[in-house]
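J.: Just a sequence and a predicted model for now, questions to come.
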Amino acid sequence: MRASSRRVLVVLVVTSDRREAGKIAEAAIKNKVAACVNLVTSVTSIFRWKGHVQKSREALLIMKTSAHRYPALARLVRSMHSYEVPEIIALTVERGLRPYLEWVHKETATD
């Protein structure tokens, strides 16, 4: 397996509320596109959208996945998300506890 396909990613997704976040998190685990999802129930986002400054209370998902499962994770989030343009940001894990990183790969492996 190539080194790039062994990468672990942390994917950040902001949702409209805790309920939407919970549905996406459970579907990601069920479909093996994420090994673990942390749900932060209340964050305040301030952003510019369509020329206006907005302020919104949202929920944050912190999802751990393997690089090879990221495309499927992004598709799942887009299909379930209520926003026109959802925030889906993937950050590469540079270092981590080897057994944890191996677990992420095991839990997101396709059969």
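T.: Here it is on my side, so go on.
J.: May I have stretch 26-35 as CSV, with CA atoms only?
T.: Extracted in CSV, the C-alpha atoms of stretch 26-35 (Å, rounded to 0.1, in the frame of the first residue of the first chain):
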residue,chain,number,x,y,z
GLU,A,26,-24.0,7.6,13.0
ALA,A,27,-24.2,7.1,9.2
ALA,A,28,-20.4,7.7,8.9
ILE,A,29,-19.7,5.0,11.4
LYS,A,30,-22.3,2.6,10.1
ASN,A,31,-20.9,3.0,6.6
LYS,A,32,-17.3,2.6,7.7
VAL,A,33,-16.2,6.0,6.2
ALA,A,34,-15.1,7.2,9.6
ALA,A,35,-13.6,5.3,12.5
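J.: Check which residues of that stretch are buried.
T.: 27-29, 32-35 (16 or more other CB atoms under 10 Å). Bear in mind the C-beta positions are built from the backbone N, C-alpha and C, glycine included.
J.: nearest to residue 109, of those residues?
T.: Of all these, residue 109 sits closest to residue 32, with 7.4 Å by CB to CB.
J.: quick one, what contacts that closest one?
T.: Applying CB atoms under 8 Å, 6 or more residues apart in numbering to residue 32 gives the contacts 69, 107-110.
J.: Narrow the residues you listed to just the buried residues.
T.: Looks like the contacts of residue 32 have 69, 107-108 buried, using 16+ other CB under 10 Å.
J.: These into a markdown table, with extra columns for secondary structure?
T.: What follows is the buried ones among the contacts of residue 32, written out as a markdown table (DSSP: H, G, I helix; E, B strand; the rest coil):
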| residue | secondary structure |
| --- | --- |
| 69 | helix |
| 107 | helix |
| 108 | coil |
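J.: show me where this structure has strands.
T.: Using DSSP state E, the strands of the chain run over 8-15, 36-49, 52-66, 88-92.
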